[in-house]
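Colleague: A structural model of the following input is requested.
(one chain, ligands or ions: 1)
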Amino acid sequence: MPSLAPSASLPHAAEPCPSCRPVRLPDGTRSGCWRCGDMLLRRLSSHRGHLLQKPPAIAFHEDFWQSQRPSLRCVIVVDTDTGHAWTAPIEHFDRHAITLSRGCGPQVALPFRFWQRLDKGNGQRPATQLALALETAS
Ligand SMILES: [Zn+2]
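Modeller: Numbering: from 1, shown residues only. Below you'll find the model as predicted:
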């Protein structure tokens, strides 16, 4: 198993800041993502199956991704169930993302090994169980 990337400070707060703007889908519903300048912040629920397990990855619907890709510099994903957070620069998507289709349209997925896990920094032991479980599930 590859070693996990060292933790780093969160490049953005785990919660939307006053500068963040919610990204809406074409039908007007909230996407669960916010844009803050050239960053995309996504809040998801691992307990509701929002993380891909085979392969272990974080995925975006392709049309949503294409709408956000211009002017994007990095992506931050926060699991609201565990508080875990990950970040990846846009270059990792360009080089390593894979396209999947699981019955709900094409998705752009970036495997976990290309994300840097960010710890909560609250003094607790880093909670790696989810990422480890997902990495070993494939
Ligand atoms: Zn913000």
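Colleague: what about residue 65, helix or strand, and which?
Modeller: Using DSSP states H and E, residue 65 falls within helix 62-68.
Colleague: which residues does the spatially most central residue of the chain contact?
Modeller: Of all residues in the chain, the one closest to the mean position by C-alpha atoms, centre = their mean is residue 77, 3.4 Å from it. Residue 77 makes contact with 42-44, 58, 85-87, 115 under the criterion C-beta atoms under 8 Å, 6 or more residues apart in numbering. All C-beta atoms are positioned from the backbone trio N, CA, C, and that covers glycine.
Colleague: for the helix holding residue 65, packing partners?
Modeller: Using 3 or more C-beta pairs under 8 Å, 6 or more residues apart in numbering; DSSP states H and E as the contact test, the elements touching helix 62-68 are strand 30-36, strand 106-111.
Colleague: next one: it to chain centre, how far?
Modeller: 14 Å (C-alpha atoms, centre = their mean, to the nearest Å).
Colleague: use 30 as the first number for this chain going forward.
Modeller: Sure, I'll start counting at 30 from here, so that last one is helix 91-97.
Colleague: what comes up buried for that helix?
Modeller: Within helix 91-97, the residues scored as buried using 16 or more other C-beta atoms under 10 Å are 91, 93-94, 97.
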